[in-house]
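Asker: Sequence first, then the predicted structure:
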Amino acid sequence: MTKINPLDQPEIRLLIAEHLKKPDLPRCLRVCWSWHNTFLPLVWENVSVGKTSWARPSPYEDSLTPEDLHSHRHLIKDLHIVSWSGNYPIAFPRIQTLDFNGATPSLEYLEPLIRLNQPLVKLNLWNLDNGIDNRLWKALQKLPHMRELSLGMSSIQEDDIVRFWTICENLESLLLEHVLFPQGTTPHASMCFRKIWKLQLCHVSGMEEEEQFRFISACPNLEDLAWGYSSSIEPDDGLEGDGAMGSSYFEEFAKEVGRKRWPRLTSLTMDAQWSEEDMCLIIEGMQRVKKIDLYDTFGPLTFQALQHYFNNLVELQVETSSEVAPKLLQNIMCSCPALKKLVGGGVPAKDVVEGKPWVCLSLESLRICFMFSDTEQHLQPLIFERLAKLTRLEYFYSESVRAPFHKKYPVPLQLRLQSGLHALSALWRMASFIPGQRKSLGEDELRWMLVHWKELTCVSAHVDIDDLSRTELQNMFKSRGIKLWI
């Protein structure tokens with residue numbers, strides 16, 4: 001009987017691929033021809049071109065040329081362009097995502113590129129210095145499958161407003177950030193954007209609060225809303241403070257939430273200078289809350305309003321300088337079993353150690369500052385033991401710029417092996433580790449991370465080592481596809 005090697009089965013190789021990092025996939029092409037055929041589509045389906053100081057592709061992608069993209073165009077589904085030296089458009093038959101976040105494409109190149117790629121579903125355009133002209137809007141109108149559009153650091157001309165609103169009628173997701181509209185822009189009263197379930201309006205100029213509110217009101221099926229004030233607002237415009245949203249529009253928005261205008265709304269980010277009482281009205285008017293950003297509006301009242309949703313809360317941002325927030329933050333970690341992302345302020349280590357056990361064991365992302373007095377150094381290992389129970393944690397940032405009581409609690413969590421860092425070997429999913437400016441790592445800690453955190457992709461920290469050791473460590477991390485900023 002002929003024995004079959006399991007590794008000769010494409011299904012087994014695909015299972016192997018699920019557990020590999022992106023930089024490892026090209027290495028599998030060299031095993032044999034059958035592996036090459038299996039892994040080649042996986043290598044090319046999601047590609048990043050170019051690099052900046054904040055985004056480095058895998059070593060395989062560093063050397064990509066327009067000719068490489070053309071040769072493998074039939075395999076590419078998601079294309080992320082950080083910087084681009086090509087001067088001719090390419091048609092990608094299976095393209096779904098085109099992301100120019102970081103690049104500044106010329107309209108002469110971008111317009112034919114859009115026309116050639118009709119399968120596009122998601123488009124992300126940033127840094128269009130001269131705005132978006134008539135030709136590009138016409139090309140966007142002819143994309144039959146586009147459902148997600150992100151625009152940033154750009155402007156829309158008055159002659160193109162009608163086309164913009166027409167495109168929005170077919171979108172499911174629209175993100176606008178630092179976009180300049182013609183003064184008084186508003187959708188026609190008869191328009192209704194029923195397909196849009198995700199909407200972000202942040203630092204949008206030209207479209208005043210009244211027009212933005214009308215736009216939001218015309219999206220009855222919203223599930224996720226991020227609404228921030230315009231950077232062009234002046235304090236003497238009759239608004240509550242510099243850049244704050246007018247009270248009349250807040251009251252209207254709160255009333256409409258209570259009237260269930262957006263019955264599917266579960267995620268809310270409000271970048272405005274409202275009071276805690278104001279936010280309570282909105283929270284109480286929502287039927288469900290899965291994600292909410294509170295920041296300086298977090299306190300006893302919003303905590304009480306959120307309690308009704310603790311069992312279903314998935315993402316929460318409550319980073320605040322309020323002196324009552326730390327105890328409430330500890331209570332949240334003891335009360336929200338479904339929580340996956342938490343951005344908090346500071347919490348005294350003693351409150352954590354003496355408090356109830358955490359139930360947020362599904363946390364994947366945590367930003368929090370554990371604070372110690374000068375006499376509480378013995379609590380450091382106990383905090384690491386608590387953190388070690390968050391076995392699904394992938395992102396950890398142990399600092400908060402708004403942590404209160406810094407004079408009473410001057411000592412941060414010491415991210416050293418002798419302080420208990422070794423307990424975090426249980427966090428095998430850890431991908432991004434950022435200790436913050438007040439903490440430093442040593443060479444031993446960095447080498448320990450390489451051994452125990454196999455999924456690591458990014459470390460940013462202050463490190464007390466000599467230049468020779470620094471260079472050696474940077475090369476070691478780079479060889480494993482890990483970004484190391486030290």
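Answerer: All right, it came through fine.
Asker: Double-check that Glu108 belongs to a helix.
Answerer: Yes: with DSSP: H, G, I helix; E, B strand; the rest coil as the criterion, Glu108 is part of a helix.
Asker: so what's it scoring on pLDDT?
Answerer: Glu108 is assigned 81 on the pLDDT scale.
Asker: Counting neighbours, what do you get for it?
Answerer: 10 (other Cβ atoms under 10 Å). Every residue, glycine included, has its C-beta placed from N, CA and C.
Asker: got it, and the one 4 residues further on?
Answerer: By other Cβ under 10 Å, 16 other residues sit near Pro112.
Asker: So it is in contact with Pro105, correct?
Answerer: No: assessed by Cβ atoms under 8 Å, Pro112 is found out of contact with Pro105, at 11.1 Å.
Asker: same question for the helix or strand hosting Leu387, mean pLDDT?
Answerer: Take DSSP states H and E as the rule and Leu387 turns out to sit in helix 380-388. Across helix 380-388, pLDDT averages out at 97.
Asker: now the strands for the stretch 1-150 of the chain?
Answerer: 46-49, 78-81, 97-99, 122-126, 148-155 (DSSP state E, counting those that start in this stretch).
Asker: Can you identify each of the strands in the stretch 201-350 of the chain by residue range?
Answerer: Secondary structure of the stretch 201-350 of the chain (DSSP E, counting those that start in this stretch): strands located at 224-228, 267-271, 291-293, 315-317, 341-348.
Asker: ranking those strands by burial, who's on top?
Answerer: Of the strands of the stretch 201-350 of the chain, the one with the most neighbours on average (mean count of other Cβ atoms under 10 Å) is strand 341-348, at a mean of 23.
Asker: Listing partners with orientation, what would you give for that strand?
Answerer: In the sheet, strand 341-348 lines up against strand 315-317 (parallel), strand 365-372 (parallel) (DSSP bridges).
Asker: Now render those strands as TSV, adding distance to His72 and mean pLDDT.
Answerer: Formatted as TSV, the strands paired with strand 341-348 follow (distance: least, Cβ to Cβ, whole Å; pLDDT from 0 to 100):
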stretch	distance to His72	mean pLDDT
strand 315-317	36	94
strand 365-372	33	93
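Asker: okay, the strands of the stretch 201-350 of the chain in a markdown table with distance to Lys260 next?
Answerer: As requested, those are arranged in a markdown table below (distance: least, Cβ to Cβ, whole Å):
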| stretch | distance to Lys260 |
| --- | --- |
| strand 224-228 | 14 |
| strand 267-271 | 15 |
| strand 291-293 | 18 |
| strand 315-317 | 22 |
| strand 341-348 | 27 |
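Asker: Which of those strands has the lowest mean pLDDT?
Answerer: strand 267-271 (a mean of 87).
Asker: what lines up beside that strand in the sheet?
Answerer: Sheet pairing of strand 267-271 (DSSP bridges) gives strand 224-228 (parallel), strand 291-293 (parallel).
Asker: picking up where we left off before, of all the strands of the stretch 201-350 of the chain, which one comes closest to Ala325?
Answerer: Of all the strands of the stretch 201-350 of the chain, it is strand 341-348 that lies closest to Ala325, at 5.5 Å by Cβ to Cβ.
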